[in-house]
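Trainee: predicted model and sequence follow; I will ask about them next.
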Amino acid sequence: MKQNKTERDGQQPMKTSYLLRRFAPYFKKYKGVLALDLFCAGLTTAGELILPLIVRYITDLGMNDMASLTASTILTVGGLYLLLRVVDVMAQYYMANIGHMMGARIETDMRTDFFAHLQELSYSFYDNTKVGQIMARITSDLFDVTEFAHHCPEEYFIALLKVGISFAVLCRYDVWLTLIMFAVLPLMAFCAAAFRSRMNRAFKKSRHQIGELNSQVEDSLLGVRVVKSFANEEVEEEKFRKGNYGFLDIKKEMYKYMAGFQSSTRFFDGVMYIVVVVAGAFFMMYGRIAPADLVAYLMYVSMLLAAVRRIVEFTEQFQRGMTGIERFIEIMDIPIEVDDKEDAVDLNNVKGDVVFDNVYFHYSEEDGDVLQAVNLHVPAGENVALVGPSGGGKSTFCNLLPRFYDVSSGRILVDGKDIKDVTIQSLRSQIGMVQQDVYLFAGSVYENIEYGRPGASREQIMEAAKLAGAHEFISQLPEGYDTYVGERGVRLSGGQKQRISIARVFLKNPPILILDEATSALDNESERVVQESLEKLTAGRTTFTIAHRLSTIRNASMILVLTEEGIVERGTHAQLMEKQGVYYRLYQLSQRAD
């Protein structure tokens, strides 16, 4: 299987500035909340910024004018600071509550956009992408974005305030001492940037590996009956062990870079402290700075370094958020291969006349044509059967009609209209499909039939089930139509699932049908019942039948024989048997097998 570009973890990471530009529009709906959140962040910073000034004021009075240091002065200053702390608590509550909800709403908006985009992607995307990878992106990746969306603006805004105001205040006390201290920051930033780029790559590899692990677990659990039937539990455990320990190895790499990042910043943190203490002591010894000013200076330095440490601690969360945004963008940037034209119109009142006009199709430029020069006219109400060896293009042929893939060249017409000129939704609403591999959703029988026409009445659903020959067995289920079918319909037999899928199409009542080997996986008794249902379903509808058992399509209006060379034979059963060509040989083999 080809690997989708979204699954390659070795590609160059996107630039942080680009990721932030792509992410910023999600704040637009919540700009008022964000502005108030940042205002509250500023209020929580005010108390920290004013405390050193209060300490300096009291220290200066105590050293130089003890008479002015009265109980009234101390209580006034203490009351002012207490008021600031009350404001701080209220602001912090807003940030923790409303600010967090802003992040959660952004996550919800992104997940909504993500899922909507997934619905529009063509079959080719799902042919090459593991479901586990998609699940990792839509769940854990976007959860990290929630924390990022809330904390990132706050943390950097608070850091900017603290660094900017601290720098201005510190320069007021002594410019040279401040410049000496800040000279260490470029070295810290350089080391931080080096480790951060490595952390980013490690985080992305981690996300990719957890997606692979999800895919492996999903594959194993969905195939648990096959696993147990072959007694291969140990094989699955070994596969999981390799994936699990592979994830651990990536974690080791990730934490190694995180440790280097935190250790280097901690080292420079200590360097800045000792520079200030030593240089400040010399400045005080030579009378360049007053003792009270040095105390305030050290408090501002402590606050400044606390802000730097907080940013360092936030870096892991920042990188997780960036990785989540990048993996989100990777999916959102996958082009929609099959989409409506700007001037597409709805396809209404369909009779079912279908034309394939010189149709060619290939899955990719590297692959050869699966279908070549297909020309076919199917009048409304006709039943066309497609037979031939595996790989001849029968399923591909039928997948082109509802535009699951677009033709490489040529065109397909329904009632004289090119299907590329009509809306996809209106086209597919006119086509019903019954496939060999029936998919039932985890829910009740009723809900699975209703899927054919959401909002249908219970009477309409029961009528559809009767037409499909399903009403009798449904009525005998423990809770009738409200019986839970299990994941993928596991609690029902193959024949029962197939009749529910037929009831779903009866309820939809489309003028065009595609039957993709609908009975090939059933036993003889189930096939007989389902075949009767299909005969009712196809009456009066344009039908394309992919047949495995050729005895079921003897009465087709036209039979097409598809091989790797294209349509090699066409005609009725009698005409093709008389030719004694490919169809004749296939039919003889089919009769012996039956």
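Mentor: Here it is on my side, so go on.
Trainee: rest of the way, CA atoms for contacts and neighbours
Mentor: Will do.
Trainee: got the residue ranges for the helices in the stretch 201-350 of the chain?
Mentor: In the stretch 201-350 of the chain, the helices defined using DSSP state H, counting those that start in this stretch lie at 224-229, 233-285, 291-332.
Trainee: want to throw these into a markdown table with distance to residue 152, mean pLDDT and mean neighbour count?
Mentor: Formatted as a markdown table, those follow (distance: least, CA to CA, whole Å; pLDDT from 0 to 100; neighbours: other CA atoms under 10 Å):
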| stretch | distance to residue 152 | mean pLDDT | mean neighbour count |
| --- | --- | --- | --- |
| helix 224-229 | 43 | 66 | 12 |
| helix 233-285 | 19 | 82 | 16 |
| helix 291-332 | 7 | 80 | 20 |
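Trainee: mind putting those helices in CSV, distance to residue 25 included?
Mentor: Putting the helices of the stretch 201-350 of the chain into CSV (distance: least, CA to CA, whole Å) gives the following:
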stretch, distance to residue 25
helix 224-229, 44
helix 233-285, 30
helix 291-332, 13
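Trainee: could you give the number of residues near residue 188?
Mentor: 17 (other CA atoms under 10 Å).
Trainee: and residue 135, what does it touch?
Mentor: 211, 214 (CA atoms under 8 Å, 6 or more residues apart in numbering).
Trainee: for residue 509, same thing?
Mentor: So residue 509 contacts residue 432 (CA under 8 Å, 6+ apart).
Trainee: phi, psi of it?
Mentor: phi 60, psi 60 (degrees, to the nearest 10).
Trainee: picking that back up, and of the helices of the stretch 201-350 of the chain, who's closest to residue 213?
Mentor: helix 233-285 (5.9 Å; CA to CA).
Trainee: next one: residue 35 from residue 25, what distance?
Mentor: 15 Å (CA to CA, to the nearest Å).
Trainee: and the nearest residue to residue 451 once chain neighbours are set aside, how far is that from residue 106?
Mentor: Leaving aside its chain neighbours, residue 451 sits nearest to residue 504 (6.6 Å; criterion: CA to CA, 6 or more residues apart in numbering). According to CA to CA, residue 504 and residue 106 sit 36 Å apart.
Trainee: ok, which stretches of the stretch 451-594 of the chain are helices?
Mentor: Under DSSP H, counting those that start in this stretch, the stretch 451-594 of the chain gives helices at 458-467, 471-475, 494-508, 524-538, 573-579, 582-593.
Trainee: most tightly packed of these?
Mentor: helix 494-508 (a mean of 25; mean count of other CA atoms under 10 Å).
Trainee: who touches that helix?
Mentor: 429, 432-434, 438, 440, 445, 448-453, 460-461, 464-470, 473, 489, 518, 521-522, 526-527, 530, 533-534, 537.
Trainee: repeat the analysis, applying 7 Å as the threshold.
Mentor: 432, 434, 438, 449-453, 461, 464-465, 468-470, 489, 522, 526, 530, 537 (CA atoms under 7 Å, 6 or more residues apart in numbering).
Trainee: for stretch 413-432, same thing?
Mentor: With CA under 7 Å, 6+ apart, stretch 413-432 has contacts from 340-341, 344-347, 350-356, 402, 411-412, 505, 510-514.
Trainee: could you identify the buried members of those residues?
Mentor: 340, 345, 347, 351-356, 402, 411-412, 505, 510-514 (16 or more other CA atoms under 10 Å).
Trainee: buried residues in the strand or helix carrying residue 80?
Mentor: Assessed by DSSP states H and E, residue 80 sits inside helix 71-94. In terms of neighbour count (16+ other CA under 10 Å), helix 71-94 has its buried residues at 77, 81, 84, 85, 87, 88, 91, 92, 94.
Trainee: between those residues, which is closest to residue 586?
Mentor: Using CA to CA, those come closest to residue 586 at residue 94, 73.8 Å.
Trainee: for residue 35, see how far away that closest one is.
Mentor: 12 Å.
Trainee: now swap in residue 554 and tell me
Mentor: Taking CA to CA, one finds residue 554 at 72 Å from residue 35.
Trainee: same check, this time on residue 16
Mentor: Where residue 35 is concerned, residue 16 sits at a distance of 23 Å (CA to CA).
Trainee: what do you get for residue 296?
Mentor: From residue 296 to residue 35 the distance is 31 Å (CA to CA).
Trainee: again with residue 120
Mentor: Counting by CA to CA - residue 120 and residue 35 are separated by 35 Å.
Trainee: now swap in residue 424 and tell me
Mentor: For residue 424 relative to residue 35 (CA to CA), the value is 42 Å.
Trainee: so residue 296 sits against residue 51, correct?
Mentor: No - Residue 296 is beyond contact range of residue 51, at 8.9 Å (criterion: CA atoms under 7 Å).
Trainee: what's the overlap in contacts for those two?
Mentor: By CA under 7 Å, 6+ apart, no residue touches both residue 296 and residue 51.
Trainee: for residue 15, grab the count of nearby residues.
Mentor: 10.
Trainee: got phi/psi on it?
Mentor: phi -70, psi 140.
Trainee: start the count at 39, not 1, going forward
Mentor: Got it, first residue is 39 now, which makes that one residue 53.
Trainee: so for residue 420, what's the pLDDT?
Mentor: Per-residue pLDDT puts residue 420 at 91.
Trainee: for it, give me its contacts.
Mentor: So residue 420 contacts 579, 580, 581, 595 (CA under 7 Å, 6+ apart).
Trainee: what does residue 471 give?
Mentor: 551, 552, 553.
Trainee: from residue 415, how far out is the first one?
Mentor: In this case it means residue 551. 15 Å.
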